[in-house]
Each structure stands twice: as C-alpha cells, then as structure tokens.
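Peer 1: have a look at this prediction, sequence included:
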Amino acid sequence: MTKLQNRDAIKAQPIVLIGMMGAGKSSLGVRLAEALETTFLDADAEVEKAAAMSIAEIFEKHGEAAFRDGERRVIKRLLDDGPMVLALGGGAFMDDQTRALVQQKALSVWLDVPLAELVKRVKKKPDKRPLLKGQNIEAKLTELMQTRGPVYATAALRVDVGGGTHEQAVARLLVALDAHYAA
C-alpha cells in the first residue's frame, strides 16, 4: 500500500469522486475508502434508498429534473455527515448547487478516463445507465464528455485512472491526494 505523509489531512473532510459513467467512481471509491480506513457511500445508491425506487424508475416516472433535485438533497445530507469517500453519479457535479455544495464541504476528485476505455467499460452494463437508453453509446459518451469535461475540470484534483488494475488506480489516487495536502 502507498505510504501517506498526509493521511490525517486527507481523512479530515469528505472526498467526493466525480467523473463520467464507467470511470470507476464506485469500484475505486470502495477501495480508496478501505485504504484510508473510512466510510464509502455511493450517492446513486443513497438516492435509490431515499426514493425507494431505482434511478431508472425515477427518471421514467418523474424525469431528470426531479431526480437531480432529490440527488442534491441526498448529497447535502451525506456531506453534512463528515469525512468519507462519496461517489457521485456522472451528472451530479453538473448541477450548479450540487457542485457548490461539494466545493464548499469536500475535496472533489475527477476520475478521468480516456473515451475509448469508457466506451468499453460502459458497453458491459448499458442497462444500468438511463442516459444511454436507446443511444449510440460512443456518440452519447462523446457528447457527454464534451459537455461535462469543462465542468469536471473545476474539481480540486484530476487523476487519470484509465488503464491498469484497480490497485494501480487507487495508488495513483493516494499519491495525488497526498501531494495535494503536502502543498
């Protein structure tokens, strides 16, 4: 495991993982939380729990605007709970109010992955992605990346987690976090 010089500072506030669908926010988030010996939460899972329905059902029955409103409220509640690793859904950081909350109460980390790799990852589980329903996956991800990339770039940290194993990606995250708090 990566030796951290600034472990206490890293663990002092929530770490919020943002990025495109398929970037590994949940899978890497679990491993990052384990490495930091802290709690991991997935905002999408917490929204589903609060709504007592799946995200796909929320989108279908109430639309994206209602989903984003509920998502914002859940994220605010979670961030008020203190230090943790929190994975946001791909579009959550695009909401101005949610982004402001994250930037005020947490350290935002953009998990960046090259488009070609995202396409491969997302094609494995397209049914879990409401925004991809009935879409050309590569075209839709390209469009989303063009729209979201500049907003994701406002995150406090940007870490390339493409390629390699989960362990290698988590090691890159730990090095970036340690360097951030060393400054």
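Peer 2: Everything's here; your move.

Peer 1: how near is residue 87 to residue 3?
Peer 2: Plainly put, residue 87 is 25 Å away from residue 3 if you go by CB to CB, to the nearest Å. Using the backbone N, CA and C atoms, a C-beta is placed for each residue, glycine as well.

Peer 1: those two: which has the busier surroundings?
Peer 2: Between residue 87 and residue 3, counted using other CB atoms under 10 Å, the more crowded position is residue 87 (28 against 8).

Peer 1: and the longest strand seen in the chain, how far out from the chain's middle?
Peer 2: Ranked by number of residues, the top strand in the chain under DSSP state E is strand 107-112. For strand 107-112, the distance between its averaged C-alpha position and the chain's averaged C-alpha position is 7 Å (CA atoms, centre = their mean, to the nearest Å).

Peer 1: hmm, who's touching that strand?
Peer 2: Contacts made with strand 107-112 from outside it, assessed by CB atoms under 8 Å, 6 or more residues apart in numbering, are listed as 13-19, 23-25, 28, 93, 102, 152-162, 173, 176-177, 180.

Peer 1: and residue 142, what does it touch?
Peer 2: Shown in contact with residue 142 (CB under 8 Å, 6+ apart): residue 115.

Peer 1: could you confirm it falls within a helix?
Peer 2: Yes - using DSSP: H, G, I helix; E, B strand; the rest coil, the assignment for residue 142 is a helix.

Peer 1: check the gap between it and residue 122 for me.
Peer 2: From residue 142 over to residue 122 (counting by CB to CB), the distance is 12 Å.

Peer 1: cool, residue 166 as well?
Peer 2: Between residue 166 and residue 122 the distance is 17 Å, computed by CB to CB.

Peer 1: these two: which has the busier surroundings?
Peer 2: Neighbour comparison, residue 166 and residue 122: the larger count goes to residue 122, with 20 against 14 (by other CB under 10 Å).

Peer 1: the more buried one is in contact with residue 138, isn't it?
Peer 2: No - applying CB atoms under 8 Å as the test, residue 122 and residue 138 come out as separate, 9.2 Å apart.
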